[in-house]
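K.L.:
Test case, fold it:
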Amino acid sequence: MSDSHLIRETAPAYVTKGGPRLTYEDYCRAPAGLRYELVEGDLRMTPSPSTIHQKISGRLEKVLREWVEGRELGEVYYAPTDVVLSEHNVVQPDILYITRERLGIIKEANIQGAPDLVVEILSPNSLEWDRVTKRHLYAKYGVREFWVADPEGRTIEVAALREGELATLQVYPVGATLVSPLLPGFQMPIDQVFR
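P.N.:
Just a heads-up that it's a prediction; the model follows:
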């Protein structure tokens, strides 16, 4: 019996610990056709997301894009888009937003610097990676707001940069309406995402 229906969102790390730290140049030489992220010089393969992940991502991106573009507030992008935070840190957030004032960080090949807002959608095998590793990295490089969508718990956590940390402001469950400190007036019913 084929097990092709099983979700395979695993993400092995290509361990370079103890060896030389990889750079953005090394990252660009990784085999084509696969998705990678580079964190503190360690290369990690990022698997293709599940269909549930993609549905949630599409819904979130659509609502955010319509809000931002309708008010000419900046630009919204979705994975895979390289965000080069430093020579040794390149990530591909699920969704990101850059304010109009900072559009200069958008280059033809990638984003050169921290987005204003990053959205990550949790997968069973990426919980610690998204909630801890990438959250710390986003805080370190100045991401102002961070949303964590949890398909299992059907919640979205909103965190804001406070004293160098992305501190949780609120976790919105189904039935609640998400608001964003970065986007005054923005409201999104959580039911719209997890329907």
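
K.L.:
From now on I want contacts and neighbour counts done on CA atoms only, so please keep to that.
P.N.:
Will do.

K.L.:
Give me the residue ranges of this structure where confidence is low.
P.N.:
For the chain, applying pLDDT under 70 flags the ranges 1-19.

K.L.:
What are the contacting residues of stretch 90-106?
P.N.:
The contact list for stretch 90-106 (CA atoms under 8 Å, 6 or more residues apart in numbering) reads 24, 36-39, 57, 61, 72-85, 111-113, 115-121.

K.L.:
mind redoing it with 6 Å?
P.N.:
The contact list for stretch 90-106 (CA atoms under 6 Å, 6 or more residues apart in numbering) reads 37-38, 73-84, 111-112, 115-120.

K.L.:
Now stretch 130-147: buried residues?
P.N.:
For stretch 130-147, the neighbour count (16 or more other CA atoms under 10 Å) marks 130, 134-139, 142-147 as buried.

K.L.:
Give me the residue at the spatial middle of this protein.
P.N.:
Closest residue to the average C-alpha location of the chain: residue 93 at 2.6 Å, with CA atoms, centre = their mean.

K.L.:
for it, phi and psi?
P.N.:
Backbone geometry at residue 93, expressed as degrees, to the nearest 10, gives phi -60, psi 150.

K.L.:
Residues in contact with the helix or strand in which residue 53 is found: which ones?
P.N.:
In this structure, residue 53 is located in helix 51-70 according to DSSP states H and E. With contact meaning CA under 6 Å, 6+ apart, helix 51-70 is reached by 76, 193.

K.L.:
Let's see that with 10 Å instead.
P.N.:
Helix 51-70 has contacts (CA atoms under 10 Å, 6 or more residues apart in numbering) with 7, 48-49, 71-79, 94-100, 119-123, 149-151, 183, 185-188, 190, 192-195.

K.L.:
Which helix or strand lies directly C-terminal to it?
P.N.:
strand 74-78.

K.L.:
List the strands paired with whichever helix or strand comes after that next one, with their directions.
P.N.:
Toward the C-terminal end, the helix or strand that comes next after strand 74-78 (DSSP H and E) is strand 83-86. When sheet partners are counted by DSSP bridges, strand 83-86 sits next to strand 89-91 (antiparallel), strand 111-112 (parallel).

K.L.:
Thanks again, I'm all set now.
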